[in-house]
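K.L.:
Generate coordinates for the sequence data below:
(one chain, ligands or ions: 1)
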Amino acid sequence: MAKTRVSSLAKEFGMTSKELIGYLDDMKITGKTASSSLEDVFVQMVRKKLAPVLEERAAELEEKRRAEEEAAAAEEAERAREEEAERLAAEARREEERRQAAAAAAAEEAARAAAAEAARLERERKKQEELEAKRRAVPASDSGSRMRSLLDQIAEQETVLEERKKAEAAKQGDEAANGRGRRGGRQAARRDDNRPAPTHPRRSSHAPSVPAGMDVPAPEKASKGRKGRKGSAQHTEEDRYTRMAREAEEYSREKVLEEARAAVEEASRESTGRRKKRKEKRQREAEEKRQEQKIEEAKAQGISVEELDAVRVSEGVTVAELAEALDVPANDIIKRLFLLGTPLTMTQSMSNELVELVADDLGRQIKIISHEEENSFTFYDDPADLKPRPPVVTVMGHVDHGKTSLLDAIRHTGIAAHEAGGITQHIGASQVEINGRQITFVDTPGHEAFTAMRARGAKITDVVVLVVAADDGVMPQTIEAINHSKAAGVPIVVAVNKCDKPEANPDRVRQELVEHGVIPEEWGGENMFVNVSARSRQGIDDLLETILLQADVLELKANPDTFASGYIIEAKLDRGRGPVATVLVNRGTLHVGDALVAGTSFGRVRAMLDQHGNHQDAAGPSDAVEILGLDSVPTAGDEFRVFEDDRDAKKLADERALKARIEEQNKVKHVTLETLFDEMSENELKELNLVVKADVQGSIEALADSLAKMDQSEVRINIIHSAVGAISETDVILAAASNAIIVGFGVRPQAKARDLAERENVQIKTYSIIYKAIEDIDAARIGMLKPTEEEIQTGIAEVRELFRVPKVGVVAGCMVTEGEIERSDKVRVVRDGVVVFDGVFASMRRFKDDVKSVKSGYECGLGIERFQDVHVGDQLEAYKIVEVARTE
Ligand SMILES: Nc1nc2c(ncn2[C@@H]2O[C@H](COP(=O)(O)OP(=O)(O)OP(=O)(O)O)[C@@H](O)[C@H]2O)c(=O)[nH]1
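P.N.:
Below you'll find the model as predicted:
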């Protein structure tokens, strides 16, 4: 019986021996190992028993094998795919390389063409430029023409390109006609159409040469479809050259355009740059000119440029005004004032010192303009209009060295020829003639007047004659005079006086003066010296000639053919003539009838007189004349100016008067605030404020002196304002504002002022003698004012005509303008605000009948006792004296 080994059977079943032994164990065939043999019966039994297991196992195995096969197949497929992809990629790479090489070649060719084109253009441009340069004579027009030429170039290039384009289009057209297909032709045409929109050559080269099978662009697809491979390749080649040509053209066109644009830009930048530079230059020059003008201006004003730049404020500026001028908050200034120990409110005015301190504190330059400076004018004359003018001379020197005597001697010499015996009036200046030339002397009787005028900014003196007595030598006032002259920049001519005296030592005077910087010409200095004697009139002519010599050096000039301007040398209120002023003309010509303004005074020149009292019609540069016709008395040193239109003159005078009034009021406020403090601390101290107006300055001084001597322990007496002139509205406003009484000496209130005083309840007390005023004030002060006499005005008559009645004298034909005048009334003759006469009526008539009274609106004839000098225009004020009881 045949036997089969376990291991062989296991192998047959596709299982391990151990596995089979397990199955054998299950079939109770035990004791078997892998090398044991099995009888056939057992083998068959096993075969039978294990058949399902073996079948299952076989299926599994089959499945596995199939899966493995499939995996292998898939793997193989994948590998094949990869290989294919790799192949394709390599192919694509190769194609890309080919494409890039072609593009590079195209670009290279385009660049070469562009460079050639650019070179040609450059040559042309240079040629053009040369031509242009030749054409241009003036380089200033350069930028414009260069731009034009560049634009011309562009236009020319455009034409060239256009022509080429046309040629290419024609070529394309031919190609189309040669059977290349309408579509290609259309495309070429379309490309032509699109040409103006520039395309960068590199960007445009990517499409056409991609091989078949790839993402092929339309044109090639189309051609490929029609012509086959060979045709297609040929077409691609042709396309490439066309494209290259087009690209080159576009490139060069782009480049030309770019270059042209850049050139245009450059040109315009250049021209803008030039323009900018020119503008800068102009600005620089203008600035330099401004600076020069400033320096000139500063020189003319005798100040530094910094001062000229400084913020300008008026004297007596208020805190608020200063804040505004400096453009800082007012609180800032108040704070600083507080720190300075002088607290002030917004509306209070500040002293010059405080203004300077505050400005300095704020790090600001400030210039305080004095009232006089504010009232000055500036003029400009064309040098062509200037004509020589006589010199204006001021005589200065120590007291008693002979100034007055010298001026007298000079006047005598100067007028001797044609004015012998003429009465010389004192008008503050005198003109003399020597060798047919004029010299004007300003009779300032001391340094004060000279310096006061200078302080006002009045530049009136061309030459100073320094009088030094040969027997006395240099004295303190001599040195003062030297300093003043030097400060004013006025040359000094030295008159060594009293040379007639035996003890005279002119050389010693020279030596002494050298020590003070006044060096004789003969010693190498700049000052001319003349030995004179005012007493013996020796050397006077020599002195005058020397003055003229000095004047020649100065080359004094002025424009005589314009409206006059100059300075007030002296002014007074003249009984009978009203305000009288001596003016020194320094520019233009003054005529009778001219409307002028001096300070706050305004008027038309009614009459013009020279120093001999002769009427003049005109006064030119360096002439000094007395003028009548002003409405008030100006101040010596005031600048005057003639206006073409008297309305302008009036307006300016009014503005100034208003400003002065406001300043005066501000001052009063200031004072009042201070006194308020005093009153509080000094136990109700009472004040008496006075506004004093007088016909002469002397009266004001006399009153002030007398008041100062008064016991003021109970009532403090303040003269808050004093001036020469009639009582004006301004005075009343001032008095009302400061609760003051107006005291007038020899002056009367103007009609408007009287009305205003009545409305404002301001008392106006007028006196003709000072002691009466003192008496009244003194009595009021100690409360001893007795029932007093008071004046009541009854009426006013205006003189219209004058009649000379034999034996009776002058009778004034009048019109009563106010109230009712009685024959028994007292009468005051008032001329230009000044009381000319005070007395009683001698007669009162209406149409030959004597009458007792005349009412307002009626004419009458009035005679005044012991007064014949009535003028047409005078006012006759009628009044009564009544006794009035004191009310307190
Ligand atoms: N011997 C002599 N005496 C003279 C001469 N000039 C002036 N005097 C006298 O000197 C004195 C003063 O002369 P003034 O002309 O008044 O001198 P002043 O400088 O004007 O004097 P003040 O106005 O006071 O400053 C007078 O007594 C003159 O007579 C002169 O040339 N010779």
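K.L.:
Can you list the strands that the helix or strand T4 falls within pairs with?
P.N.:
Using DSSP states H and E, T4 sits within strand 3-5. Its sheet considered, strand 3-5 pairs with strand 37-39 (antiparallel) by DSSP bridges.
K.L.:
which other residues reach the strand holding T4?
P.N.:
For strand 3-5, the external contacting residues (CB atoms under 8 Å, 6 or more residues apart in numbering) are 34-40, 43. Heads up, the C-betas are built off the backbone N, CA and C, glycines and all.
K.L.:
ok, and the most crowded of these?
P.N.:
Neighbour counts for these, by other CB atoms under 10 Å, peak at L38, which reaches 21 neighbours.
K.L.:
how about the nearest residue to that one, chain neighbours excluded?
P.N.:
Spatial nearest neighbour of L38, excluding adjacent residues (CB to CB, 6 or more residues apart in numbering): T4 at 5.3 Å.
K.L.:
where's that neighbour relative to D25, distance?
P.N.:
According to CB to CB, to the nearest Å, T4 stands 17 Å off from D25.
K.L.:
Of these two, which one has the most company?
P.N.:
Higher neighbour count among T4 and D25: T4, with 15 against 12, using other CB under 10 Å.
K.L.:
Now do that one against M45, distance only.
P.N.:
Taken as CB to CB, the span from T4 to M45 is 12 Å.
K.L.:
quick one: the helix or strand following the strand holding T4 to chain centroid distance?
P.N.:
Past strand 3-5, further along toward the C-terminus, the next helix or strand under DSSP H and E is helix 6-13. Chain-centre distance of helix 6-13: 126 Å, with CA atoms, centre = their mean, to the nearest Å.
K.L.:
Give me the buried stretch members for helix 6-13, please.
P.N.:
Buried positions in helix 6-13, judged by neighbour count with 16 or more other CB atoms under 10 Å: 6-10, 13.
K.L.:
Flag every residue of the protein that's near the ligand.
P.N.:
Applying CB under 6 Å from any ligand atom, we find that the chain lies next to the ligand at 397, 399-405, 445, 497-498, 500-501, 533-535.
K.L.:
which sections of the stretch 551-700 of the chain are below the confidence cut-off?
P.N.:
Residue ranges of the stretch 551-700 of the chain with pLDDT under 70: 662-686.
K.L.:
what ranges do the strands span in the stretch 751-888 of the chain?
P.N.:
Taking DSSP state E, counting those that start in this stretch to define them, one finds strands in the stretch 751-888 of the chain at 764-767, 788-805, 809-822, 826-831, 834-846, 849-850, 853-855, 859-864, 875-884.
K.L.:
Save these as JSON lines, and put in distance to V696, mean neighbour count and mean pLDDT too.
P.N.:
Converted to JSON lines, the strands of the stretch 751-888 of the chain look like this (distance: least, CB to CB, whole Å; neighbours: other CB atoms under 10 Å; pLDDT from 0 to 100):
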{"stretch": "strand 764-767", "distance to V696": "13", "mean neighbour count": "18", "mean pLDDT": "86"}
{"stretch": "strand 788-805", "distance to V696": "22", "mean neighbour count": "15", "mean pLDDT": "87"}
{"stretch": "strand 809-822", "distance to V696": "27", "mean neighbour count": "19", "mean pLDDT": "92"}
{"stretch": "strand 826-831", "distance to V696": "15", "mean neighbour count": "21", "mean pLDDT": "93"}
{"stretch": "strand 834-846", "distance to V696": "10", "mean neighbour count": "18", "mean pLDDT": "91"}
{"stretch": "strand 849-850", "distance to V696": "39", "mean neighbour count": "10", "mean pLDDT": "88"}
{"stretch": "strand 853-855", "distance to V696": "34", "mean neighbour count": "19", "mean pLDDT": "92"}
{"stretch": "strand 859-864", "distance to V696": "24", "mean neighbour count": "21", "mean pLDDT": "93"}
{"stretch": "strand 875-884", "distance to V696": "21", "mean neighbour count": "17", "mean pLDDT": "87"}
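K.L.:
Let me see the backbone angles for the spatially closest residue to G316 that is not a sequence neighbour.
P.N.:
Counting by CB to CB, 6+ apart, G316 lies nearest to S349, which is 4.4 Å off, once chain neighbours are set aside. Backbone torsions of S349, given as degrees, to the nearest 10, read phi -90, psi 150.
K.L.:
How much space separates S349 from V319?
P.N.:
With CB to CB as the criterion, S349 and V319 are 8 Å apart.
K.L.:
And for V43?
P.N.:
Where V319 is concerned, V43 sits at a distance of 140 Å (CB to CB).
K.L.:
what does V840 give?
P.N.:
56 Å.
K.L.:
How about V395?
P.N.:
45 Å.
K.L.:
So for these two, which sits in the more crowded spot?
P.N.:
Comparing V395 with V319 by other CB under 10 Å, the one with more neighbours is V395, at 26 against 22.
K.L.:
For the more buried one, pull up the helix or strand it's in.
P.N.:
Per DSSP H and E: V395 is located in strand 392-397.
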